[in-house]
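Chemist: the amino acid sequence is not available; the structure is as follows:
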Ligand code: FAD
Ligand code: PYC
């Protein structure tokens, strides 16, 4: 680094866009890069461009708090998120890049009878679906995570649901690992190139995308633009059932290992884990208003820190280092859309809201299948756009675990 990185080998190329690709993916977040990787690896489609208006991994992928779990209530969701957890378990080997997947457990705290009933329902439903999840008493919670204060607080902890295979992964490594693996299979990653239009032919099918670097032709376009999905899809004339909200997070100064697991409390609006660098990674629910500004309101952060100080009193003396926000795309049932659209050749992967990082490899895998085969994989078949018209909702508001 002191030598100005002169002899360092770039991890991916920086190609000029070609005139035409077989597939264009809009958005080089983890989901878009993973889809490109699996298009090349599983379907042999390598004439692919991932087009990113900023830098790869600079959206929610680089802004999230990296919690990975699959303890969702409904069969459809359990299948989707568990598919991702299974891929996480072998991902570092698969893409030959250490994504630091750390199965340190995700513990969801119950503070009242309603929480207890809801979590026990999730535990039973998860186990029926082969997803690990178990109920802990308050004493077992304390034993599993000793820094927690379980009694002397306004809403004492009365138990918790623990998914031991849940945990965290390193967000940058996920983006960089998928980018390098996709690039090495021939995928072009075009950064600093904004998609400004989606061109359709006389019969309505996709012809390609207008960008800040000119028109690029492709018969298949997959949109993985997270908080800006509505904006991009409107370019093809589609109105999406999405609202975009700021979601904030913050980190403390780094300290020695002091917190062994991931703890979430939806009731008192806070969650916390410790990063490999030693920082406490903290967050809460979304801001109350829709917005495209990548920052949130200060009172949300203050409220979150109140909750953290009650949960872990010894952290009262920690200084906070930095905070930031991302824009999350929220559907009415808090489940994603991974699907074909009414526009031939246009596919969309969106609506992950506050919880899509955990799904990154699984989402990319089934989205690649959907694009390559022009038909959904069995796992994403229920996650259609049409469910909001037909009523086959997958209401995961409780499992989202982050208020929004
Ligand atoms: P992104 O990484 O946002 O990628 C989309 C890309 O599209 C961006 O890079 C953007 O620049 C690009 N783009 C947009 N418009 C255009 C355009 N016109 N042209 C070209 N490119 C465009 N999920 C979890 O599972 N666990 C968590 O702990 C968690 N914590 C979170 C904490 C915060 C503070 C936030 C904000 C989110 C959190 N999430 C979490 C949600 C998670 O981050 C997202 O669901 C996930 O990262 C979405 O990935 P993506 O690749 O779809 O989106
Ligand atoms: O979905 O687990 C999650 C999550 C945690 C923080 C934000 N989202």
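Modeler: Arrived safely. Model, not experiment: these values are computed from the prediction. Ligands and ions are numbered 1, 2, ... in the order given.

Chemist: ok, which stretches of the stretch 201-350 of the chain are strands?
Modeler: Remark: strands assigned in the stretch 201-350 of the chain by DSSP state E, counting those that start in this stretch are 206-211, 214-217, 220-223, 243-252, 262-265, 270-274, 280-286, 320-330, 337-340, 346-350.

Chemist: for residue 388, find the nearest of those.
Modeler: Across the strands of the stretch 201-350 of the chain, the minimum distance to residue 388, taken as Cβ to Cβ, is reached by strand 337-340, at 8.6 Å. Yep, even glycine has a C-beta here, placed from its N, CA and C like the rest.

Chemist: which residues sit against that closest one?
Modeler: With Cβ atoms under 8 Å, 6 or more residues apart in numbering as the test, strand 337-340 has contacts from 240-241, 331, 346-351, 363, 366-367, 370, 374-376, 380, 383-385.

Chemist: list the neighbouring strands of it plus their orientation.
Modeler: strand 346-350 (antiparallel) (DSSP bridges).

Chemist: the partner strand vs strand 320-330, what angle?
Modeler: Interaxial angle, strand 346-350 versus strand 320-330 (axes from the mean of the first three to the mean of the last three Cα atoms, to 10 degrees): 140 degrees.

Chemist: and strand 346-350, what's buried?
Modeler: Within strand 346-350, the residues that count as buried by 16 or more other Cβ atoms under 10 Å are 346, 347, 348, 349, 350.

Chemist: who's in contact with residue 93?
Modeler: Applying Cβ under 8 Å, 6+ apart, no residues qualify as near residue 93.

Chemist: and the contacts of strand 337-340, which of them are buried?
Modeler: Buried among the contacts of strand 337-340 by 16+ other Cβ under 10 Å: 240-241, 331, 346-351, 363, 366-367, 370, 376, 380, 383-385.

Chemist: what about those, which are in helices?
Modeler: 363, 366, 367, 370 (DSSP state H).

Chemist: distance to ligand 2 and pLDDT for these - can I get that in CSV?
Modeler: Shown next, in CSV, are those (distance: Cβ to the nearest ligand atom, whole Å; pLDDT from 0 to 100):
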residue, distance to ligand 2, pLDDT
363, 13, 98
366, 18, 99
367, 19, 99
370, 23, 99
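
Chemist: nearest to residue 315, of those residues?
Modeler: When those are compared for distance to residue 315 (Cβ to Cβ), residue 363 wins out at 33.0 Å.

Chemist: test my guess that the closest one contacts residue 350.
Modeler: No: at 10.0 Å, residue 363 and residue 350 do not qualify as touching, with contact defined as Cβ atoms under 8 Å.

Chemist: what touches both of those two?
Modeler: With Cβ under 8 Å, 6+ apart as the test, residue 363 and residue 350 both reach residue 336.

Chemist: what about residue 222, distance to residue 363?
Modeler: 11 Å (Cβ to Cβ, to the nearest Å).

Chemist: which residues do the two both contact?
Modeler: Counting by Cβ under 8 Å, 6+ apart, the residues touching both residue 222 and residue 363 are 35, 349.

Chemist: how about the residues of this protein by ligand 1?
Modeler: Selection of the chain residues close to ligand 1 by Cβ under 6 Å from any ligand atom yields 26-32, 51-54, 58-61, 63-67, 194-195, 224-226, 228, 232, 247-249, 283, 326, 328, 352, 354-358.

Chemist: sort out for me which of those are in strands.
Modeler: Among the residues of the chain next to ligand 1, DSSP state E puts 26, 51, 67, 195, 247, 248, 249, 283, 326, 328 in strands.

Chemist: how many neighbours does residue 204 have?
Modeler: 13 (other Cβ atoms under 10 Å).

Chemist: residue 342 and residue 239 touch, don't they?
Modeler: No: counting by Cβ under 8 Å, residue 342 does not reach residue 239; the two are 11.1 Å apart.

Chemist: between those two, which one's more packed in?
Modeler: Taking neighbours as other Cβ under 10 Å, residue 342 and residue 239 compare with residue 342 leading, 11 against 8.

Chemist: who touches that one in this structure?
Modeler: 238, 385.

Chemist: how about the one 5 residues further on?
Modeler: Residues near residue 347 by Cβ under 8 Å, 6+ apart: 220, 221, 222, 223, 339, 340, 341, 367, 370, 371.

Chemist: okay, and the beta partners of it?
Modeler: With DSSP bridges as the criterion, residue 347 is bridged to residue 222, residue 340.

Chemist: now do the same for it: its pLDDT.
Modeler: Per-residue confidence (pLDDT) for residue 347: 99.

Chemist: how near is it to ligand 1?
Modeler: 13 Å (Cβ to the nearest ligand atom, to the nearest Å).

Chemist: just give the nearest non-adjacent residue to the residue of the chain found nearest ligand 2, would you?
Modeler: Residue of the chain nearest ligand 2, by Cβ to the nearest ligand atom: residue 355 (3.0 Å). The spatial neighbour of residue 355 that comes closest, neighbours along the chain excluded (Cβ to Cβ, 6 or more residues apart in numbering), is residue 400 at 5.7 Å.
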